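1. Here you go, sequence then predicted model.
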Amino acid sequence: MTTPAPQQQDAPTPDEVIAANRARIDDLDARIIALVEERVAASRAVQQARMGAGGRRVHLAREMEILRTYGDALGRPGTSVAMTLLELCRGTV
């Protein structure tokens with residue numbers, strides 16, 4: 001008795017690859033937005049605690065650390081991402 005050979009599946013079409021990856025990107029974007037919202041809330045809690053203790057709302061040395069972290073991880077565009085996050089989290093200075 002012989003075992004039938006497994007059927008070969010056709011490779012996905014370019015349209016299928018595009019559709020699948022666009023769906024994945026949409027999911028990732030939703031998760032990133034949720035994380036940014038979570039980061040904004042955490043940052044506001046830090047700011048409120050710092051100001052409640054008589055400190056400043058913004059801690060520039062900490063912001064420089066964040067800029068460095070993103071720049072090291074993502075290169076020059078990472079610094080832009082970090083600046084956008086800082087602006088979202090601290091509001092207008």
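-> Received, thanks. Numbering: from 1, shown residues only.
2. Name the next helix or strand downstream of the longest helix along the chain, please.
-> Using DSSP state H, we find that the single longest helix of the chain is helix 14-52. With elements assigned by DSSP states H and E, the helix or strand that comes after helix 14-52 is helix 60-74.
3. who's in contact with whichever helix or strand comes after that next one?
-> Proceeding N to C from helix 60-74, the next assigned helix or strand is helix 76-90, under DSSP H and E. Under the criterion CB atoms under 8 Å, 6 or more residues apart in numbering, residues 36, 39-40, 43-44, 47, 57-58, 63, 66-67, 69-72, 74 lie in contact with helix 76-90. (C-beta placed from N, C-alpha, C; glycine too.)
4. at 6 Å instead, please
-> Contacts of helix 76-90 from elsewhere in the structure, counted by CB atoms under 6 Å, 6 or more residues apart in numbering, are 40, 43, 58, 63, 66-67, 70-71.
5. So for the residue nearest the centre of the chain, what's the pLDDT?
-> Centroid check for the chain by CA atoms, centre = their mean gives residue 32 as the closest residue, at 4.5 Å. For residue 32, the model assigns a pLDDT of 98.
6. quick revisit: pull out the buried members of the contacts of helix 76-90.
-> 43, 63, 67, 70-71 (16 or more other CB atoms under 10 Å).
7. for those, which one is nearest residue 23?
-> Closest approach between those and residue 23, by CB to CB: residue 70, at 27.0 Å.
8. Tell me where the chain is predicted with low confidence.
-> The model of the chain has pLDDT under 70 over residues 1-2, 4-6, 92-93.
9. tell me the contacts of residue 65?
-> Per CB under 6 Å, 6+ apart, neighbours of residue 65: none.
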